[in-house]
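**Q** Make a model of this:
(chains A and B)
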Amino acid sequence: MNFSVTEPSVRTKWFAGITVVLYGLITIIPLLWIIATGFKTSEDAISYPPKVVFKPTLEGYVNLFTTRTRVNQDELEDLPPPETWYEQLVRDRGQVIASPSRYGERFLNSLIIGFGSTALCMVLGTAAAYAFSRFRLPLKDDLLFFILSTRMMPPIAVAIPIFLMFKNLGLSDTHLGMIMLYTAVNLSLSVWLLKGFIDEIPVEYEEAALIDGYTRFQAFYKVVLPQAATGIASTAIFCLIFAWNEYAFAVLLTSGNAQTAPPFIPTIIGVGGKDWPAVAAGATLFLVPVMVFTVLLRKHLLRGITFGAVRK
Amino acid sequence: MSNPDSSETTARTTPGNFKSAVTGLSDRAIAWIFVAPTIFLLLAVNIFPLIWTIVLSFTNYRVNRPNRDVEWVGLKNYQRILTDNGTWETMQATAHFLIWTIVLQVLIGFALAYLINKKFKGNDLWTTIIVLPMMLSPAVVGTFWTFLYQPQIGLFNYLVTFFTGADPASFSMIGDKHLAPWSIIIADTWMWTPFVMLICLAGLRSIPDSIYEAAECDRASRWRQFWTITFPLVLPFLMLAVLFRGIENFKMFDLVVQLTGGGPGNTTTLTSIDLKREAFEKWRTGQSSAYAVVLFVTVFGLASIYVKALNKVKDR
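**A** As a prediction, the model looks like this:
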C-alpha cells in the first residue's frame, strides 16, 4: 500500500509499461533485423515471408571483406583445394576471392579521423571552456553564441568553399583535412558541454591551489582536469560518435584515400545485385560500437545532445 | 601589477594577484591563449568559408571551369534562386517533412516520456533501448531502411501486409511519389522521437511532487492537473526539443539521400539535397552559393524568432 498521492496506481503502471515496451519493440526490431540479416545467406535475406529462423552463416561478413569473381564449375575443380574456411565458403558459391575489399581501409579511416579529431577537439575545447568558465573575457557571450551558431549551418552550404580551400591547400581527401574539419564541427559541442561541466566545479578548489603556490596552469591541470574527468570523457565520446557518423562532408570531400565508412557502406554491392547480408554486416560492425557507447553514456546523453542546455 | 585590468580579473577568483607576477603570465593572457586556437580554427573553417560563399554568390564562378573569367553578376543569382519554381517545390517538400516529423515526434515523444515517468518496473532498461537509434549514423540508418522498405521482401512491407492484408508487392514506400515523403518521415521519426522523449522526460522529472500534492488537496482533477501543471511546466523543454529538431531537419541530408536520393521525381528533394545537386553535380558554384546564403539566412532568422518566443515562455 502506498499513501503518496503522486505515486501512480498499479493499473497505470501496467498500462504505461506495456505501451512503452511495445514502442521499445518497434525501436529495436529494425536493429535486430539488420544484425540478423548480416548472418543470413543472400537467399534467406530476400526470402518471402521474411525468415525469422534461419541457419546462421558468416557469408555476409566474408563478402564484406573481400571482392570476388564468379568462375565456372570446370575452373573451380582445377583450383588447388581451399586453404581457409572463408575460401571454402566462397567456393561453395561458385566464386573465388579476388582481393580484399576496401571496407577494412574505410573502417580504419573512420577510426583515425574519429579519434584524431576527438583528441584535437578535446585539447582545444577544454582550454577554451576553462577560459570561458573562469575568466572575464570581452564579448564572452557573443563569442559563445558565435561558437554555437557555427552548428546551424547546413554542411552542404559551407562545403563549396571548404572544397575549394582544401583543393588550394592540398588537403582534399587527406586524413589531416578531415581531422581539422571534424574538429571544427565538433568544437561548438565540446566547448558548450565542457563549459557546463567546469562551471560545476567549485572555484574554491583552484583558489586553494593558487594559495598553495600553484601557477594557473598547474591549477588547471592538477586540480580542474581531474575533477572534470567524467565530463571530459563523456564529451569525448559525443565528439567521437558525431565524427564517426558524419556523412555529408565525407561524401563530398573524400573519394579514395581518406574516405570513411558511412559513404562506403551504401555502395557495397555483391556479384550480381545488391548484397544485403554484406551491407547488413558492414552496418552492424559500424553501428554496434555506437550502441555500446550509448548504453555507457545514458546518464549524460541528454546533456550531450542538447549542447548542455538541459542538465539532469 | 602593470596591468590594472588583469588585477581586477584576478581579484575575483584569487585572493592575491602576486601569482601572476611569479609566472609571468596574467590571467588575461592565459585566457586568450586558451581561447585563441578555438576561435582561430572556427574562423578558418566556418567564417572564412561563409564569407567566401557570400562573395561567390555574386559571381558566375564555376568550380569545373576554373579558367573562365569570373564576372560579377550582382543579385542575378539571388533573383534566379528566389524565382525558380524548383526552389519553391523543394521548400514545400522540406516544409512537409519538417512539420510532420516535428508533430509526430512531439506527440509520440511526449506521450512516451509521460508514460516512462510513471516509473514502472524496468523503465530504465526500456528508456535505454528506445534511445539507441538517435546515436546511429543517419547515412547507415538510411541504407538499412531502404532494405526494410523493399517491396515484397522488406520487413516493413511485410508487417504492413500482415496487419492490413494488402498485397506486399502492391506498394513501394520509396518508389511511389505519394508514399516516398512518408517513408522519410517514418524513418526520421523512428530515429529522433527518443530525442524529444528524453528532453520531455527531463522536463517532467523537474516538476516537484509537492505541486501535485497541493493540487490534490485542492481536489483538482487529473485532467486539470495535466493542463495547469504538467503541460505549462514541460512546455519550455518541449520548445527546446522542437528548436533542435527544426534546425537539424532543416539541414537534413544524409538520411534522406540514402533512403530516397530525393526521388521519385523531386518529391523528397529537401533543400540540402537540391543544394548538393546544384553545387556538386551541375557545378553552378555561384548560383548554389546564393542558394546557401538564402538557406542560412532562413534558418538563422527562424531560429532567432523562435528563441525569442522560447525565452518569453521560460520567463512566464
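**Q** quick one, what contacts residue A:159?
**A** Residues near residue A:159 by CB atoms under 8 Å, 6 or more residues apart in numbering or on different chains: A:248-249, A:252-253, B:276, B:279-280. Heads up, the C-betas are built off the backbone N, CA and C, glycines and all.
**Q** Could you verify that it is part of a strand?
**A** No: assigned with DSSP: H, G, I helix; E, B strand; the rest coil, residue A:159 falls outside any strand and is helix.
**Q** can I get the contacts of residue A:159 in JSON lines with pLDDT and secondary structure?
**A** Listed next are the contacts of residue A:159 as JSON lines, based on pLDDT from 0 to 100; DSSP: H, G, I helix; E, B strand; the rest coil:
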{"residue": "A:248", "pLDDT": "91", "secondary structure": "helix"}
{"residue": "A:249", "pLDDT": "92", "secondary structure": "helix"}
{"residue": "A:252", "pLDDT": "89", "secondary structure": "helix"}
{"residue": "A:253", "pLDDT": "89", "secondary structure": "helix"}
{"residue": "B:276", "pLDDT": "91", "secondary structure": "helix"}
{"residue": "B:279", "pLDDT": "89", "secondary structure": "helix"}
{"residue": "B:280", "pLDDT": "88", "secondary structure": "helix"}
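**Q** Could I have the buried ones of those residues as PyMOL selection syntax?
**A** Those of those that count as buried under 16 or more other CB atoms under 10 Å in any protein chain shown are selected in PyMOL with:
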select buried, (chain A and resi 248+249+252+253) or (chain B and resi 276+279+280)
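**Q** any idea which of the contacts of residue A:159 is the one closest to residue A:210?
**A** residue A:249 (42.3 Å; CB to CB).
**Q** quick one: that closest one and chain B, what's the gap?
**A** Residue A:249 sits 10 Å away from chain B, going by CB to the nearest CB, to the nearest Å.
**Q** Surely that residue and residue A:179 touch.
**A** No: using CB atoms under 8 Å, residue A:249 is not in contact with residue A:179, being 11.6 Å away.
**Q** ok so, going back, redo the contacts of residue A:159 as JSON lines? Include distance to residue B:313.
**A** Shown next, in JSON lines, are the contacts of residue A:159 (distance: CB to CB, whole Å):
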{"residue": "A:248", "distance to residue B:313": "33"}
{"residue": "A:249", "distance to residue B:313": "35"}
{"residue": "A:252", "distance to residue B:313": "38"}
{"residue": "A:253", "distance to residue B:313": "40"}
{"residue": "B:276", "distance to residue B:313": "36"}
{"residue": "B:279", "distance to residue B:313": "38"}
{"residue": "B:280", "distance to residue B:313": "40"}
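**Q** ok, the contacts of residue A:159 vs residue B:304, which is closest?
**A** The closest of the contacts of residue A:159, once distances to residue B:304 are taken by CB to CB, is residue A:248, at 24.1 Å.
**Q** can you tell me which residues contact the spatially most central residue of chain B?
**A** By CA atoms, centre = their mean, the mean C-alpha position of chain B lies nearest to residue B:248, the distance being 1.5 Å. Neighbour list for residue B:248: residue B:192 [criterion: CB under 8 Å, 6+ apart].
**Q** redo that, cut-off 10 Å
**A** Contacts for residue B:248 were tallied using CB atoms under 10 Å, 6 or more residues apart in numbering or on different chains; they are A:151-152, B:98, B:101, B:138, B:188, B:192, B:195.
**Q** so what's residue B:154 closest to, chain neighbours aside?
**A** Leaving out its chain neighbours, the residue that sits closest to residue B:154 by CB to CB, 6 or more residues apart in numbering or on different chains is residue B:148, at 5.1 Å.
**Q** in the stretch 151-300 of chain B, which spans are strands?
**A** Listed in chain order, the stretch 151-300 of chain B contains no strands at all (DSSP state E, counting those that start in this stretch).
**Q** and what of chain A?
**A** Along chain A, counting by DSSP state E, strands occupy A:66-70, A:95-100.
**Q** will you turn these into CSV that also has distance to residue A:201?
**A** As requested, these are exported to CSV (distance: least, CB to CB, whole Å):
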stretch, distance to residue A:201
strand A:66-70, 51
strand A:95-100, 49
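**Q** So which of the contacts of residue A:159 is the closest to residue B:262?
**A** Closest to residue B:262 out of the contacts of residue A:159 is residue B:276 (8.9 Å), distances taken as CB to CB.
**Q** where are the low-confidence patches of the stretch 151-300 of chain A?
**A** Along the stretch 151-300 of chain A, segments meeting pLDDT under 70 span A:271-272.
**Q** Neighbours of residue B:164, how many?
**A** Neighbours of residue B:164 under the rule other CB atoms under 10 Å in any protein chain shown: 8.
**Q** ok, now residue A:114?
**A** Neighbours of residue A:114 under the rule other CB under 10 Å: 23.
**Q** hang on, it packs against residue A:182?
**A** Yes: with contact defined as CB atoms under 10 Å, residue A:114 counts as touching residue A:182 (7.8 Å).
**Q** tell me, what's touching those two both at once?
**A** A:239-240, A:242-244, A:246, A:260.
**Q** dump the residue contacts of residue B:201.
**A** Residue B:201 neighbours (CB under 10 Å, 6+ apart): A:302, A:310, A:312, B:109-110, B:112-114, B:116-117, B:123, B:127, B:194, B:234, B:237.
**Q** coming back round to it: could you pick out which of the shared contacts of residue A:114 and residue A:182 are near chain B?
**A** When contact is defined as CB under 10 Å from any CB of the partner chain, the shared contacts of residue A:114 and residue A:182 meet chain B at A:242, A:244, A:246, A:260.
**Q** Can you give me the pLDDT of the residue lying closest to residue B:264 once chain neighbours are set aside?
**A** Residue nearest to residue B:264 in three dimensions, not counting chain neighbours: residue B:177, with 4.9 Å by CB to CB, 6+ apart. The model reports residue B:177 with a pLDDT of 88.
**Q** Also residue A:58?
**A** Looking at residue A:58, its pLDDT reads 90.
**Q** ok, of the ones next to chain B among the shared contacts of residue A:114 and residue A:182, which one's closest to chain B?
**A** Closest approach to chain B among those (CB to the nearest CB): residue A:244, at 6.9 Å.
**Q** Format the contacts of residue B:248 as TSV; extra columns: distance to residue B:57 and neighbour count.
**A** Shown next, in TSV, are the contacts of residue B:248 (distance: CB to CB, whole Å; neighbours: other CB atoms under 10 Å in any protein chain shown):
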residue	distance to residue B:57	neighbour count
A:151	22	17
A:152	18	16
B:98	24	19
B:101	29	24
B:138	28	27
B:188	30	28
B:192	31	24
B:195	33	23
